[in-house]
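Novice: Return atomic coordinates for the entry below.
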Amino acid sequence: MRSMIGLPLVGFALVLAVGSINGVTPGYAQTQGQERREDRGDARDTRQGGREGARDAKAECKKGDEKTRAECRQDKRDTKQDARDSARDVKRD
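Specialist: Numbering: from 1, shown residues only. You can find the predicted model right below:
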């Protein structure tokens, strides 16, 4: 008779233990995910700002006669690459 009472009690304790572990994990994972999403958003904004800056710099460069079109393209590429590097730094921090 004693083993019949002990078995449901052990089962109930096991269910409580598993339920408490599962109840804590999603909140923690959700917080980390939110932080990663915010970091990606910040990095995306940095890259977008670099694209716009590169576009404007190329337009200004093409208006002037001091550089060739190839040099203007290279300046744009360099500006965009600098923005990508900055975005990587934002994601790492």
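Novice: Let me know the helix or strand that the residue nearest to Asp82 when sequence neighbours are not counted is in.
Specialist: Once flanking residues are discounted, Asp82 sits nearest to Gly50: 6.7 Å by Cβ to Cβ, 6 or more residues apart in numbering. Heads up, the C-betas are built off the backbone N, CA and C, glycines and all. If you go by DSSP states H and E, Gly50 is part of helix 2-63.
Novice: Mean confidence (pLDDT) on that helix, please.
Specialist: Averaged across helix 2-63, pLDDT comes to 75.
Novice: before we move on, back to that, thought Asp78 was touching the residue nearest to Asp82, still the case?
Specialist: No. Contact between Gly50 and Asp78 fails when scored by Cβ atoms under 8 Å: they sit 10.4 Å apart.
Novice: Neighbour count for those two, which is higher?
Specialist: Using other Cβ atoms under 10 Å as the criterion, Gly50 and Asp78 rank with Gly50 on top: 19 against 12.
Novice: returning to that earlier point: now the element after the helix holding Gly50, going C-ward?
Specialist: Where DSSP H and E defines the elements, the next helix or strand beyond helix 2-63 is helix 69-92.
Novice: other SSEs contacting that following helix?
Specialist: Applying 3 or more Cβ pairs under 8 Å, 6 or more residues apart in numbering; DSSP states H and E, one finds that helix 69-92 contacts helix 2-63.
Novice: Not counting its neighbours along the chain, what's nearest the spatially most central residue of the chain?
Specialist: Nearest residue to the geometric centre of the chain (Cα atoms, centre = their mean): Arg40, 2.9 Å. By the measure of Cβ to Cβ, 6+ apart, the closest residue to Arg40 outside its immediate chain neighbours is Lys91, 7.0 Å from it.
Novice: Ok, Lys67 next?
Specialist: Per Cβ to Cβ, 6+ apart, closest to Lys67 is Cys61, 5.5 Å.
Novice: same question, Ala83
Specialist: What sits nearest to Ala83 in space, not counting adjacent residues and going by Cβ to Cβ, 6+ apart, is Gly50, at 2.0 Å.
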